[in-house]
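> the following block contains a protein sequence and its predicted model.
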Amino acid sequence: MSREAHSLPLVLATAVLLSGCGLHGKPNVDRTKALAGSHVTAAVTAPDLEEPNQVVAPGVVEAWGGNVELSPGEPGWIAKILASEGGRVEARQVLATLDDEAQRASVDLAKADLAEAEATFAKTQNGATVEELRQARAENEAGQVRAELARHDATRSDRLGSDRVLAPAEVERVSAEARVQTAIANASAAKLASLERGSRSEDRSAGRNRVVAARARVALAEVGLARRQVVAPIAGVVLLSRFHVGEFFNVGGVPLFVLGDTSSLQVRLEVDEIDAFRVKDGAPCTLYGDDNQKIVAGAVLRLAPQMGRRGLAIESPTARADVRVREVFVEVSGASSLVPGQRVWGHVIPVQPAVQPLSAVEKPHVN
């Protein structure tokens, strides 16, 4: 039998197998080709592209403006959890507090010092009251009378001492008493003059500085108290909250809360560097799931101003994590099926540059 006769059954069998295996159907676009810059060889395929030059990139659904990770400013034991996962919170709402008894005591002490400093400064600024002035004048008048009486006694005792009626010791005692009463009168007169003149500029400046320092201590204590709290910077939904009261929170680990504005969603795509220049603002984009089903259509809202490293994990043993990518943010509307954190694939149609009509091109002048 000839060689051709032997090979004929083999050819027929091969044709039958190929006709039943389904490999001759419509071609799928391999994501590997779309992610050629990342050397991904995953077997996941995308649906047929409406345009052959589409840019395909992995992405993740995010709350509008991105997720906000919230944590206390320092470690400590969790005292209160005031928001639950999935709950909606308002801006400036306290979500959780750490144990803060010591910090609250520091705030109270600082406020008490401030109140004392302000009262002292007000007294320095306002000067003596009417009652204080009346008392000072009365003390000065009494002091002057006692000093005058003591001086008369001293003069009389000097004469009696000269006549040897009084002993020298008694004369000396009466003279010393006159000097004491005179000094007391001078002191009361100086006090009255000071009260009538008012406080000096140096005293007012010192009092003002003490108030400033006390206010700074209050602010510092309040900052320490605020570091024990978690406050929502925006209104949104708590996307993640896995800690409980009584646990110890340590800075640098998992955030205490992840907050996002889910009233609108955005999709963050990571476009490989080799395709980044082809994506422009406003370019149409269609989102697909890992099951190759179309989810929703959108448009490119903005592009990151610089290139970065890939951050989204691609489930492939040969995928490179050091590929440079550009983040592309896609705005979507009416996508109730999208969930923050959901993985998607974005198919972006590059915006082609406008072609200038031939009539608008200046023709060369021919002599």
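It's in. Numbering: from 1, shown residues only.

> helix, strand, or coil at the residue nearest the centre of the chain?
Note on the chain: the residue nearest the mean C-alpha position is Pro233, at 7.6 Å, using C-alpha atoms, centre = their mean. Here Pro233 is coil, with the state taken from DSSP: H, G, I helix; E, B strand; the rest coil.

> distance check, Asn250 against Leu259.
Per C-beta to C-beta, to the nearest Å, Asn250 is found 20 Å from Leu259. Where C-beta positions appear, they are placed from N, C-alpha and C, glycine not excepted.

> of those two, which one has the most company?
Legend: neighbour count by other C-beta atoms under 10 Å for Asn250 and Leu259, higher for Leu259 (25 against 11).

> now for that one: which residues touch it?
By C-beta atoms under 8 Å, 6 or more residues apart in numbering, the contact list for Leu259 reads 67-70, 89, 232-234, 236-239.

> ok, 10 Å please
With contact set as C-beta atoms under 10 Å, 6 or more residues apart in numbering, Leu259 has these partners: 63, 67-70, 83, 89, 95, 230, 232-241.

> filter these down to the buried ones and hand me the ChimeraX line.
Buried residues among those (16 or more other C-beta atoms under 10 Å), as a ChimeraX selection:
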select :63,67,68,70,83,89,95,230,232,236,237,238,239,240,241
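
> kindly state the domain boundaries assigned to this protein.
As recorded under automatic domain parsing, the domains making up the chain are 26-66+261-348, 107-222.

> counting neighbours, what do you get for Pro350?
Residues near Pro350, counting by other C-beta under 10 Å: 16.

> I'd guessed it sits against Val56; true?
No - using C-beta atoms under 10 Å, Pro350 makes no contact with Val56, being 11.6 Å away.

> which neighbours do the two share?
Joint contacts of Pro350 and Val56 (C-beta under 10 Å, 6+ apart) are Asp275.

> where does Thr286 sit: helix, strand or coil?
When classified by three-state DSSP, Thr286 comes out as strand.

> what distance do you get for it to Ile295?
Distance, Thr286 to Ile295, by C-beta to C-beta: 8 Å.

> what touches both of these two?
Common contact partners of Thr286 and Ile295 (C-beta under 10 Å, 6+ apart): 344-345.

> and the strands in the stretch 101-250 of the chain?
All strands of the stretch 101-250 of the chain, identified by DSSP state E, counting those that start in this stretch, fall at 229-231, 236-240, 248-249.

> any chance of CSV for those, columns mean pLDDT and distance to Asp100?
Formatted as CSV, the strands of the stretch 101-250 of the chain follow (pLDDT from 0 to 100; distance: least, C-beta to C-beta, whole Å):
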stretch, mean pLDDT, distance to Asp100
strand 229-231, 96, 8
strand 236-240, 93, 22
strand 248-249, 96, 13
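
> which one of these lies nearest to Gly311?
With C-beta to C-beta as the measure, strand 236-240 is the member of these nearest Gly311 (17.4 Å).

> where does the stretch 201-350 of the chain dip in pLDDT?
Low-confidence segments of the stretch 201-350 of the chain, defined by pLDDT under 70: 315-322, 334-336.

> what about the residue nearest to the centre of the chain, distance to Phe121?
From Pro233 to Phe121 the distance is 37 Å (C-beta to C-beta).

> any residues touching stretch 181-198, and which ones?
By C-beta under 10 Å, 6+ apart, the surrounding residues in contact with stretch 181-198 are 124-129, 132-133, 135-151, 153-154, 200, 204.

> selection in PyMOL covering whichever of those residues are buried, please.
Under the burial definition 16+ other C-beta under 10 Å, those of the contacts of stretch 181-198 that qualify are selected in PyMOL by:
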select buried, resi 124+128+136+139+140+143+144+146+147+150+151+154
